[in-house]
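Model the structure of this input:
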Amino acid sequence: MSGRGEVATLVAEIETSLAVIGKVEAYYQEFASESLNRESPTRENRIVLAEILVNYYTALESLFLRVSQAFENNLDVARWHADLLEKMTLEIEGVRPRLISEQTRDALRELMRFRHFKRYYLEFDYDWDKLQFLEKKLNGCRNEVLREVHLFLDQLRG
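Modelled structure (predicted):
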């Protein structure tokens with residue numbers, strides 16, 4: 001990435017992705033506090049929570065992809081989703097700072113795997129223990145992801 005215009009475009013794209021992530025998080029908060037029956041989750045509860053987890057990760061992956069494209073990072077075509085997530089942990093000297101930590105990557109990897117599962121294995125009766133595990137991963141990394149993305153933005157702007 002060379003020009004100021006390209007940096008400004010990437011910053012705007014990341015901010016757009018953050019707005020989408022914010023909407024997903026707001027809906028999640030509303031759903032978790034008003035509709036989710038944790039003691040005896042309904043099929044609908046499970047489906048909605050699964051969709052929230054997938055949408056959150058997809059929005060974040062879109063942000064990662066924009067960063068990768070802006071810096072012309074090569075991705076392994078056969079496993080580009082996993083490769084993309086891995087590359088976001090790299091600080092590429094003279095090119096770009098690291099976007100996320102290894103700890104964040106590990107939590108997000110679980111969400112990525114679930115999205116793959118959900119996309120290819122249609123399910124309606126999701127395992128509640130698995131969904132709770134994934135929700136814990138989401139809640140454990142949400143604030144850190146936002147902190148890391150904002151730090152990355154600050155470095156781009158600086």
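
Tell me the secondary structure at the residue of the chain most remote from its centre.
Computed with CA atoms, centre = their mean, the residue of the chain farthest from its C-alpha average is Ser40, at 27.8 Å. Here Ser40 is recorded as coil under DSSP: H, G, I helix; E, B strand; the rest coil.

And Glu110, how close does it get to Tyr57?
From Glu110 across to Tyr57, the span is 9 Å (CB to CB, to the nearest Å). C-beta: built from backbone N, CA, C; applies to glycine.

intersection of neighbour lists for these two?
Listed as contacting both Glu110 and Tyr57 by CB atoms under 8 Å, 6 or more residues apart in numbering is no residue at all.

Relative to Gly94, how far out is Arg109?
For Arg109, the distance to Gly94 (CB to CB) stands at 27 Å.

Counting neighbours, go ahead and name the busier of those two.
Arg109 (16 against 4; other CB atoms under 10 Å).

My read is that that one contacts Asp83, right?
No. Arg109 is not in contact with Asp83 according to CB atoms under 8 Å; the separation is 11.9 Å.

the more surrounded of Glu110 and Tyr57?
Shown here are Glu110 and Tyr57; by other CB under 10 Å, Tyr57 has more neighbours (25 against 18).

Without its sequence neighbours, what residue ends up closest to the more buried one?
Leu111 (4.0 Å; CB to CB, 6 or more residues apart in numbering).

Isn't the one you found up against Ile52?
No. Applying CB under 8 Å as the test, Leu111 and Ile52 come out as separate, 10.5 Å apart.

Going along the chain, name the helices of the chain.
Ranges of helices in the chain, per DSSP state H, are 4-34, 43-70, 80-87, 102-120, 128-157.

quick one, what contacts Glu148?
Glu148 neighbours (CB under 8 Å, 6+ apart): Leu99, Ile100, Ser101, Thr104.
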